[in-house]
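Chemist: Okay, here's the prediction I keep looking at, along with the sequence it came from:
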Amino acid sequence: MEEEIDTPGDSSSKPCGPLEEYRIPDYILKPDAQQVLVDHAPQCPVLVFINSKSGGQLGSSLITTYRELLNEAQVIDLSEEAPDKVLRRLYVNVERLKIEGDILAVQIWRTMRLIVAGGDGTASWLLGVVSDLKLSHPPPVATVPLGTGNNLPFSFGWGKKNPSTDQEAVKSFLGLVKHAKEIKIDSWHLMLRMRAPKEGPCEPIAPLELPHSLHAFHRVSSGDSLDVEGYHTFRGGFWNYFSMGMDAEVSYAFHSERKRNPEKFKNQMTNQGTYAKLGLKQGWFCASLSHSSSRNIPQFAKVKVMKRAGGHWEELQIHHSIRSIVCLNLPSFSGGLNPWGTPGTRRAEDREFTAPYVDDGLLEVVGFRDAWHGLVLLAPNGHGHRLAQAHRIRFEFHKGVADHTFMRVDGEPWKQPLPTDDDTVVVEISCLGQVTMLANEPCKSKSFSDPLSSLGHDSHHHDHGNEDKDGMGDDDEWEDGRRKFGAADTFKLPDEIDIAHLS
């Protein structure tokens, strides 16, 4: 049995400082630091990643406070150092120390928790890095709401309002992280393929149009298993949602305006007000009058779903009035709304659906006609038009009157060109493993694995969750090269992207 350093149960009675239970020594974090003897192992060692450009000036203030309370080296400013470099350095060093018999390194490796403060895009960046590193014991992640929508923090009980940055608020948050429960959630791989243009720029999507939360959404290399001659293939991942249509268009307008006038987007309330105004300005509340039906989803796209791992593809019959489709993994969209709701048994069309779970290998697919339709989410038991629950989803875009549409993943939008000839643009979404989040109470997300949240769960949904959790046994497409989210070894932020634009 491995020897362990004493870990006192009551931190208030310890002879060391009040936050020693979260502190990681320098020599664990820095390979060149001098090794020291530590009497007590930290009960809850944390590594903190903060987007200093999120939340107006809150990100910078939060960094200052965390560094006052913890070891400065365990608080990382994401504008200065990317998480893949930090985690690679840390885990290489910890493995070396473990081989040398360092007991403290072993215990920190077992108990370390990650904190990420930023928007949903920043959180997705870190989750992508953790996923791609393929750690044998990946650390769970807590999220601080420092963006505009903050769907990820809200889904796991961390709230959606930007936090206070004083020492007492940070100490309180660390206490919640210490006692938070772990909950696994599905990770989703997204692949986009489009034919390479015969003339014009080599990149089909300009760099500033790329979705920032998909930091690995680069063209795959020629040696990658997804590479197809004559096509540009991109890929990445998401944890909250993928959407296309009117909601993504409003989001794109918001992000474009923020790029042009960053000084106007310094606090959460102002950002949310601007977002609402843009929705009104674009006419989505009277979409049938102000927008051509050529922008309705069925006019330029077919949607196919595979309901179970290893099943067959089925084409969804989508009503001609649908202008927006959302594929949900978590029960929070557009600042805390739940488009799927909880299906009942009274209506025949709802009987094939079940309550949403974040670890069942299924996405909930919902459609909306216009912004008024979206407002039903504000009512008790309100929901969008439920289309399907699926293990894999495939969008096939063909030539139509519209030459582009809008898409977004985890809050980050982009403008997607559509075919101008007989070719097809394909977006395919597949379940690809899981990550571990930290959940505070009350937690909106329900886990299939948690008996308290899966009471009343029916047997046919149980089959979905157990057939193939990682989604790697569907067919021979799942080669080794596809078993990661990034086109590179880990999610990396492109050099031309300013992290201030992460939501």
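Modeler: Here it is on my side, so go on. Numbers count the residues shown, from 1 in each chain.
Chemist: Can you say which helix or strand has Thr65 in it?
Modeler: Assigned by DSSP states H and E, Thr65 belongs to helix 58-69.
Chemist: And the contacts of that helix?
Modeler: For helix 58-69, the external contacting residues (CB atoms under 8 Å, 6 or more residues apart in numbering) are 19, 22, 48, 50-53, 55, 75, 77, 117-118, 144, 146, 162-163, 165-167, 170-171, 174. Just so you know, the C-beta spots here come from the backbone N, C-alpha and C atoms, and that holds for glycine as well.
Chemist: got the buried residues for that helix?
Modeler: Leu58, Gly59, Ser60, Ser61, Leu62, Ile63, Thr65, Tyr66, Arg67, Leu69 (16 or more other CB atoms under 10 Å).
Chemist: and the next element down the chain from it?
Modeler: Next in sequence after helix 58-69, counting helices and strands by DSSP H and E, comes strand 75-77.
Chemist: List the pairing partners of that following strand within its sheet, with orientation.
Modeler: strand 46-50 (parallel) (DSSP bridges).
Chemist: How about residues contacting the strand it pairs with?
Modeler: 22, 24, 59, 62-63, 66, 70, 74-78, 83, 86, 90, 112-118, 122, 126, 139, 144, 146, 174, 177.
Chemist: Is it possible to mark the buried ones in the contacts of helix 58-69?
Modeler: Buried positions within the contacts of helix 58-69, assessed by neighbour count (16+ other CB under 10 Å), are 19, 22, 48, 50-53, 55, 75, 77, 117-118, 144, 146, 162-163, 165, 170, 174.
Chemist: ok, how many other residues are close to the nearest residue to Asp120 once chain neighbours are set aside?
Modeler: In this structure, Asp120 finds its nearest non-sequential neighbour in Gly411, 4.2 Å apart by CB to CB, 6 or more residues apart in numbering. Using other CB atoms under 10 Å, Gly411 has 32 other residues around it.
Chemist: Pull up the gap between Lys446 and Ala355, please.
Modeler: Distance, Lys446 to Ala355, by CB to CB, to the nearest Å: 7 Å.
Chemist: ok so, going back, isn't the residue nearest to Asp120 up against Asn151?
Modeler: Yes: using CB atoms under 8 Å, Gly411 is in contact with Asn151, at 6.9 Å.
Chemist: Buried residues in the top helix by length along the chain, which are they?
Modeler: When the chain is parsed with DSSP state H, its longest helix is helix 83-99. Judged by neighbour count using 16+ other CB under 10 Å, the buried positions of helix 83-99 are Pro83, Asp84, Val86, Leu87, Leu90, Tyr91, Asn93, Val94, Leu97.
Chemist: residues in contact with that helix?
Modeler: 27-31, 47, 49, 76, 104-106, 108-109, 125-126, 129-130, 132-133, 135, 489-492.
Chemist: Could you rerun that using 7 Å?
Modeler: Contacting residues not belonging to helix 83-99 are listed as 28-29, 31, 49, 76, 105-106, 109, 125-126, 129, 133, 135, 490-492 [CB atoms under 7 Å, 6 or more residues apart in numbering].
Chemist: of the residues you listed, closest to Lys307?
Modeler: Phe491 (29.1 Å; CB to CB).
Chemist: What segments of the stretch 51-200 of the chain are strands?
Modeler: In the stretch 51-200 of the chain, the strands defined using DSSP state E, counting those that start in this stretch lie at 75-77, 113-118, 141-145, 181-195.
Chemist: Which residues are in contact with Gln34?
Modeler: Residues near Gln34 by CB under 7 Å, 6+ apart: Tyr27.
Chemist: can we see that at 10 Å?
Modeler: Pro25, Asp26, Tyr27 (CB atoms under 10 Å, 6 or more residues apart in numbering).
Chemist: Which helix or strand contains it?
Modeler: Here Gln34 is assigned to no helix or strand, by DSSP H and E.
Chemist: Use 669 as the first number from now on
Modeler: In the new numbering, first residue 669, that becomes Gln702.
Chemist: Pro808 versus that one, what's the distance?
Modeler: 30 Å.
Chemist: And for Gly787?
Modeler: On the measure of CB to CB, Gly787 and Pro808 end up 20 Å apart.
Chemist: So which of the two has more stuff around it?
Modeler: Neighbour totals were compared for Gly787 and Pro808, and Gly787 leads with 31 against 19 (other CB under 10 Å).
Chemist: Do you know the pLDDT at the residue lying closest to that one once chain neighbours are set aside?
Modeler: Excluding the flanking residues, the one nearest Gly787 by CB to CB, 6+ apart is Gly815, at 2.4 Å. Looking at Gly815, its pLDDT reads 84.
Chemist: Make sure I have this right: Ala921 is in a helix.
Modeler: Yes: Ala921 forms part of a helix when assessed by DSSP: H, G, I helix; E, B strand; the rest coil.
Chemist: isn't it right up against Arg1076?
Modeler: No: Ala921 is beyond contact range of Arg1076, at 11.6 Å (criterion: CB atoms under 10 Å).
Chemist: Out of the two, name the residue with the larger neighbour count.
Modeler: Neighbours were counted for Ala921 and for Arg1076 using other CB under 10 Å; Arg1076 has more, 28 against 19.
Chemist: Quick check: the more buried one touching Met914?
Modeler: No: Arg1076 is beyond contact range of Met914, at 11.3 Å (criterion: CB under 10 Å).
Chemist: ok, Pro1110 touching Gly825?
Modeler: Yes: in terms of CB under 10 Å, Pro1110 counts as a neighbour of Gly825; the distance is 5.6 Å.
Chemist: These two - which one has more neighbours?
Modeler: Legend: neighbour count by other CB under 10 Å for Pro1110 and Gly825, higher for Gly825 (19 against 6).
Chemist: quick check, nearest of the buried residues of helix 726-737 to Cys1099?
Modeler: Once CB to CB is applied, the member of those that ends up nearest Cys1099 is Gly727, at 32.3 Å.
Chemist: Setting aside sequence neighbours, what's the nearest residue to the closest one?
Modeler: Nearest one to Gly727, counting by CB to CB, 6+ apart, is Ser720 at 4.1 Å.
Chemist: what's the pLDDT at that neighbour?
Modeler: Reading off the model, Ser720 has pLDDT 90.
Chemist: Sketch out the low-pLDDT regions of the stretch 969-1118 of the chain for me.
Modeler: Applying pLDDT under 70 to the stretch 969-1118 of the chain flags the ranges 1003-1004, 1012-1019, 1038-1050.
Chemist: So which residues of it form strands?
Modeler: Per DSSP E, counting those that start in this stretch, the stretch 969-1118 of the chain carries strands over the ranges 969-974, 982-983, 992-996, 1031-1036, 1053-1058, 1060-1065, 1072-1077, 1080-1085, 1093-1107.
Chemist: then the fourth one to PDB, C-alphas only?
Modeler: Read it as strand 1031-1036. Listed in PDB are the C-alpha atoms of strand 1031-1036, where the atom choice follows Å, rounded to 0.1, in the frame of the first residue of the first chain:
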ATOM      1  CA  LEU A1031     -28.200  14.800 -28.300                       C
ATOM      2  CA  GLU A1032     -31.600  16.400 -28.200                       C
ATOM      3  CA  VAL A1033     -32.600  18.000 -31.500                       C
ATOM      4  CA  VAL A1034     -35.000  21.000 -31.400                       C
ATOM      5  CA  GLY A1035     -36.500  23.300 -34.000                       C
ATOM      6  CA  PHE A1036     -37.800  26.900 -33.900                       C
END
